[in-house]
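**Q** give me a model of this one.
(2 chains)
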Amino acid sequence: MSAAAAGQYAAATLDNLRLPVSYWSADLKLLSWNPAFAERFSCFPAGIPTGITRDRFIDAVERAGLLVQIETRPAETGEATDAPTLYFSDGSIYRLESWQAPDGCRTTICLDITTAQRNERALRKARDAATAADQSKSRFLRAANHDLRQPLAAMKILIYSCIGAREEAERQQALHAMEVSVAIMEDLLGALLNIGQLDAGRIHPSIQTFQISAILERLRIQFDHQAREKGLELRIIPSTAAVVSDRVLLERILSNFVSNAIRYTEVGRVVIGCKQAGGQLQVHVIDTGPGIAPEFREEIFEEFFRISKHQDKRRHSLGLGLNISRRLADILGHRIMLRSLPGRGSDFAIEMPVGNIWHSTISEPEISEQIGGEFAGLACLLLEDDPHVREALAALLERWGITVLNLVDLSDIPRSLAALDRAPDIIVTDYRLHREYLGTEIVNEVNDILEKPCPALVITADTGPELIAGIRAQGYPVLIKPVGPPGLRVVMHNLLFEPEAVPELN
Amino acid sequence: MRTDPIRIGSMVPLSGTSASDGREFRNGLIMAAGEINARGGILGRRIEPVFADTGSQTAEVVVRAARGLIATHGVSAIINGYNIGPQNSEYEPIADAGIIYIHHNTLLQHHDTVASDPERYFGCFMGDPAEYWYGQGFIKFISWLRDTGRWKPRNRRIAVISGPKPYSIVIANAMDACAAQFGWTPAFPPRIMRSLKTDWGALLDEVRGTDPAVLAFTHFHAGDLAKFHLEFMRRPLPALLYLQYGALHKSFSEIVGPQGRGTIVGTVIGLLRDEPGRRFTEAYKAQFGPHSTPEIGCQPYVALHHYAIAAAVAGGVGDPGDFAANRRIAEVLLQLPYRSVAGMIRYHPKWQAAVPYPDATSDPSMGLPHLFYQLHEPEDAPALIAPEPFADSAFELPPWLAR
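**A** This is a model prediction of the structure:
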């Protein structure tokens, strides 16, 4: 084979090669390249200029937006002097391998490592997740072993003293202490499970716009009693702001702040208040507790951190609350702030974006008549002795947001009425109850006792026209069984709100 | 291939207290049918509307109308505005026949009835959102006025008065229930008026004693609202005044005149003032006269167009008893939102009612706008002041507060 033919074949080989290949001079100027190279770097409108320097070449492909990043790593093997990784804007990743000839010129090829790279990344992620889960499990078991032992040991002793108790008061005392121990274990397990979920990356926030007042109110309900029992004042300053956050996670963070504030404050008060600035709302939980020394202000957010072991034993704290709070805040992208003066108190705050009040969602996930219907919040005394009819009617009334009441003993109406949690707003009665009682008579007796007599309607399976006319003559509307929801709804509405529209009453 | 006309029933109060609305509902349906027929009908079949007068709008009358439309006229669907009295009892003959029913009763009861048996009530749709949203939306509206500095309330108290109908009561309860979350304190539990033959002066004096910054009256009838409003204006309370939907009626402004200026009124289904809305208004007035009200007629107009598209996509309409065909139409109605002259009609998959914006979605392209107006002079169109991006005017302090 002639040298010319060999050269031709070599050129044809390079032309057909699907790998981008290029040839550079010793002073790093581009001398030649194959079509695959030209195709890969197709950002030169007039074609790649011969003799372009490497720096200008890279600059051009970067400017064109073709190349996103070049990562240089030290050479690992062979003659390759270095093997930078090229990240292209179309998502593909190439490794640039080059070999130097004795005259100083270089041959480079671009190897497509996109798939390999992605697989490696996925494998690394899976390995990290597995390691984290494993560590988390070990930590969980360690913590569980350490912290649940104490209340469990206490339970054991309490069970024995309960068995051996000679007096009722003694037994009650032991039972109460057991209840406390169980509550502590519940709290500990809850916190550990939270950490477990965080470690496993299983917490996915649901971001919404809502009124911060809804959370403040829940905090009040949750902690008011606890604070008062400890002789502390819990003051919540109202706010009308809408915020963008996750209801549940934000409440968990603030609950941790408030519960810590109450736990560590012996005298004075805990104040929850909001401050709005620059499109952000800060919710502050300020206490008059012992405060936190400057050296601990970072550490308190670490897992299982305790300032004093003795203190914690007494207060049943795992030292997880603030760690959970910080990690949840990280997930939400909210900032936690802490100011504290030892001896004077602490101020824990979390900052989140202010929302558009129009987009504010009410806490109810789904609206229904149970929440917003015309009968919602009313009470109905339902007198019906057929268990199936009673069950169906009660289910219907409850779906409309009505509390269903029952009289336990028809032979003693005053006592049965007194036993009710609240007075009825309306009565629905079967006409014949237990054979000997008539619904209308019971209604009359009930209304004689009630401070505010309430309207009633009668349901009956009897279709005798005389009987029905008789009931109507007494001023009670009648519905024939089986009672349909629309019919019942119309009569109930009229009795309660438009008595003029009930023919029997006029 | 069938070529006989498709009969669409409509239960409209052409007599009685709601007759003026009934006429507009009839107009809207006639106009939509005309437009669809001009395009060749639904898959080649012309639409023929059949109207039943529901005058008193009681359960008995409306149920009889539904039965008549189905049994006598064999309607494939019933499409209309609202009927106040039947409390969903008309759903029964409609569910028995398995046809499509689109109404604008604006009642939360609809959610409950559909949810109680979705199989049975597959064809029952409410073309507008439940009245419940009026309450929540109004509280957000006044909070928005307050928080953006458009209005400085004197205090946090809100007084709510309701009429005797379920619609009014639900709105009043909803306002009361969510007021606190938005920083308002109810001056008293919603006052439900069992009778509207009332001495409004005495009631207003009683309300004055509680010194509210906001007074809302959730009854809807234009005549009653006008009487209430005139009494209010005799000695205005230093409060923002909200009246329910009916105050948008011409009859209200005819009675109240320039004294209406400054009053806030809302609707969960209205006519948008964008290009398609304006075009519809012009065509409607050209067809039914300059004193007709396209804002009301648009309800069945929109619903019939949506139904026609759904029926065409589903492969045709279904006669009474043809459950399979009507189920296909119901599915398309749920799957295919329709941007109408009133805004986006997107049926909630469970409620089978239009989803309101911004009350239940923060995306204006995904819900029917809950519009807030402020009345100006009787000859002016009410100023549309919220929500964005539909508003075309700014809120102004009512004259009795500006003084």
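**Q** any stretches of the stretch 51-200 of chain A with poor pLDDT?
**A** A:73-82, A:136, A:139-140, A:143-144, A:146-147 (pLDDT under 70).
**Q** which parts of it are helices?
**A** For the stretch 51-200 of chain A, the helices defined by DSSP state H, counting those that start in this stretch occupy A:54-63, A:114-163, A:168-199.
**Q** in a strand, A:A349, correct?
**A** Yes. Counting by DSSP: H, G, I helix; E, B strand; the rest coil, one finds A:A349 located in a strand.
**Q** returning to what we had before: possible to save the helices of the stretch 51-200 of chain A as JSON lines with distance to chain B?
**A** From N, CA and C alone the C-beta is placed, and that goes for glycine too. Converted to JSON lines, those look like this (distance: least, CB to the nearest CB, whole Å):
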{"stretch": "helix A:54-63", "distance to chain B": "38"}
{"stretch": "helix A:114-163", "distance to chain B": "34"}
{"stretch": "helix A:168-199", "distance to chain B": "27"}
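**Q** what about those, which gets the closest to B:F228?
**A** Taking CB to CB, helix A:168-199 is the member of those nearest to B:F228, at 53.9 Å.
**Q** can you give the distance from that closest one to the centre of its chain?
**A** Here helix A:168-199 is found 23 Å from its chain centre; the criterion is CA atoms, centre = their mean, to the nearest Å.
**Q** cool, and stretch B:359-371?
**A** The chain centroid and the centroid of stretch B:359-371 are separated by 15 Å under CA atoms, centre = their mean.
**Q** what's the answer for stretch B:65-85, then?
**A** On the basis of CA atoms, centre = their mean, stretch B:65-85 sits 19 Å off its chain's mean C-alpha point.
**Q** now whichever residue of the stretch 201-350 of chain B sits closest to chain A. Nearest residue, chain neighbours left out?
**A** Of all residues in the stretch 201-350 of chain B, B:K350 sits closest to chain A, at 7.8 Å by CB to the nearest CB. Distances taken as CB to CB, 6 or more residues apart in numbering or on different chains place B:A115 nearest to B:K350, at 6.5 Å, with adjacent residues excluded.
**Q** quick one: that neighbour is in a strand?
**A** No. Read with three-state DSSP, B:A115 is helix and lies in no strand.
**Q** excluding residues flanking it in the chain, which one is nearest B:M175?
**A** In space, and not counting its chain neighbours, B:M175 is closest to B:G135: 4.1 Å by CB to CB, 6+ apart.
**Q** which secondary structure state does the one you found sit in?
**A** helix.
**Q** hang on, it packs against B:A177?
**A** Yes. Between B:G135 and B:A177 a contact is recorded at 7.4 Å, counting by CB atoms under 8 Å.
**Q** more crowded one of these two?
**A** Comparing B:G135 with B:A177 by other CB atoms under 10 Å in any protein chain shown, the one with more neighbours is B:G135, at 25 against 21.
**Q** report the contact partners of that one.
**A** Neighbour list for B:G135: A:372, B:170-178, B:218 [criterion: CB atoms under 8 Å, 6 or more residues apart in numbering or on different chains].
**Q** considering these, which possesses the most neighbours?
**A** The contacts of B:G135, ranked by neighbours (other CB under 10 Å): first place B:I171, 35 neighbours.
**Q** so who does that residue touch?
**A** Counted by CB under 8 Å, 6+ apart, B:I171 has contacts B:131-132, B:134-135, B:138, B:162, B:218, B:244.
**Q** doesn't it fall inside a strand?
**A** No. Applying three-state DSSP, one finds B:I171 to be helix, outside a strand.
**Q** burial count for residue 165?
**A** Reading this off chain A. By other CB under 10 Å, 15 other residues sit near A:A165.
**Q** my question was about chain B
**A** Neighbourhood size, B:K165 [other CB under 10 Å]: 23.
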